[in-house]
Each structure stands twice: as structure tokens, then as C-alpha cells.
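**Q** have a look at this prediction, sequence included:
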Amino acid sequence: DSGVTQTPKHLITATGQRVTLRCSPRSGDLSVYWYQQSLDQGLQFLIQYYNGEERAKGNILERFSAQQFPDLHSELNLSSLELGDSALYFCASSGKYEQFFGPGTRLTVL
Amino acid sequence: AQTVTQSQPEMSVQEAETVTLSCTYDTSENNYYLFWYKQPPSRQMILVIRQEAYKQQNATENRFSVNFQKAAKSFSLKISDSQLGDTAMYFCAFMKPLSSGNTGKLIFGQGTTLQVKP
């Protein structure tokens, strides 16, 4: 158990819909990273938050957004969903030298 | 920009034998970290081993060890006494340390699927 939690584990929705993925980092970790794992793109960095502030953006679509709340949990919002958004979405929190991953949320867009 | 390359999409090994997974990377940085993550069929990402670039000594964690060649930008993972539970996809990853100028994000290779055969 990494100490990072993610909900829900699975999400099935239709094209055009909006979903929210939630992540709670390890106790004491201020940094949260979101990654997307898809068959054709591999594991890609989406966005990072540090102590409530956006720190860096990667290959994140404009339809996607995220935030980190005062209690340090983070949410990734995906809107106007397309079939190609189906993927495994990971959240990771950062210790000083390494990142610890949550179990992921598997999103299926039908 | 940094890149990470794993040139072996799939590998197999007999139980109890040794296998080496290859990884190369490209960077102009001098201070960074390299990792191997394991992703079993459960899809959980599990940290296997970490190497700091400033350390010449190769990292070791039980049956897992690395061969870090900084000049060659090579970072291979050796698994000794392979076990059925080692069956997984293995990802090599690069990270610049988290600091005011660096995000600390991970850059992953494409992954190598390892099958351990009984």
C-alpha cells in the first residue's frame, strides 16, 4: 500500500459527459502529480500541483482541468469526454526523492 | 528535453534464472534520479529501485540491482532468481529533483513486459 488513495477505481461513462477523479496523497506530501496511461501513448504526465498551486502542465488537454484543495487532496476533471480519453489515470504524491502511485482510476468512455 | 527509451518490448525468463532489462535515456542534466517501476496485472505502479545520478555505486534492493552507466546514459535492471511474481511490465523513468526550478515529474520509457515461466 503506497498510502495514496484514488476514487473511484472504475468509471464507465458516455461520450460528451464530464467526470471527476479524486486523489488523496500520502500524509505529509505536498506535491500531487496526475498521469495518464493509454495503450497508444504510454504513461504521460498531465499536471502537477504543489501545496494548492499548479506547478507544471504536461500533455493535458484543454478539456481537462485539476485542482488541489487546502487539505491537499486533488481532483482531475475531464469534460466533453471522447472515446480516446479511455485510459488508466494515476495520481502520485511525491516524497523527497521518489513518487508513490495510487491504484489508478480506469476510465471507459462508451 | 529528456527522453527515456526501452528497446525490449517483451522478454521472458525461466523461474530462478537471471534477466536484464535495458534502458537508455537522454539528458543534459547532471543531477537527476532514475527509477524502475513494476506494473503487475493488477495495474498498480510499484517502485522497484532508485538510483541517484551523483552516486557511482549501483543501487541494490534484494534480488533487484541496476547497472548505471552515467557516461553512456544507460540504466539496466537485473533481476536475479526470477520468481513467478516478477511477471509484470517494467518501466524505466527519469526525474529531475523537485526544486524551485524543477517540477519533479517522471518521464517514462515505453515499458518492457516480462514473463517469468515456471
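**A** Done, it's in. Numbers count the residues shown, from 1 in each chain, chains lettered A, B, ... in the order given.

**Q** where's the residue nearest the centre of chain A relative to chain B, distance?
**A** For chain A, the residue nearest the mean C-alpha position is A:Trp34 (3.7 Å; Cα atoms, centre = their mean). Distance from A:Trp34 to chain B, counting by Cβ to the nearest Cβ, to the nearest Å: 10 Å. (Glycine included, C-beta is placed from N, CA and C.)

**Q** now for B:Gln115, how many residues are close by?
**A** 14 (other Cβ atoms under 10 Å in any protein chain shown).

**Q** any part of the one helix or strand it maps to near chain A?
**A** Counting by DSSP states H and E, the element that carries B:Gln115 is strand B:112-117. No: judged by Cβ under 8 Å from any Cβ of the partner chain, strand B:112-117 stays clear of chain A, getting no closer than 12.0 Å.

**Q** and chain A, which residues reach chain B?
**A** A:2, A:31, A:33, A:35, A:42-45, A:48, A:55-56, A:58, A:88, A:90, A:92, A:94, A:96-101, A:103-104, A:106.

**Q** per-residue pLDDT of the residue most central in space within chain B, please?
**A** The centre of chain B sits closest to B:Trp36, judged by Cα atoms, centre = their mean, with a distance of 2.8 Å. B:Trp36 is assigned 98 on the pLDDT scale.

**Q** what sits against A:Thr20?
**A** Residues in contact with A:Thr20 (Cβ atoms under 8 Å, 6 or more residues apart in numbering or on different chains) are A:Glu75, A:Leu76, A:Asn77, A:Leu78.

**Q** show me which pair in the residues you listed is furthest apart.
**A** Between any two of the contacts of A:Thr20, the greatest separation by Cβ to Cβ is 10.3 Å, found for A:Glu75 and A:Leu78.

**Q** tell me which of those two has more neighbours.
**A** The neighbour count for A:Glu75 versus A:Leu78, taken as other Cβ under 10 Å, is higher for A:Leu78 (24 against 16).

**Q** quick one, what contacts the more buried one?
**A** Residues near A:Leu78 by Cβ under 8 Å, 6+ apart: A:Arg18, A:Val19, A:Thr20, A:Leu21, A:Arg63, A:Phe64, A:Asp85, A:Leu107.
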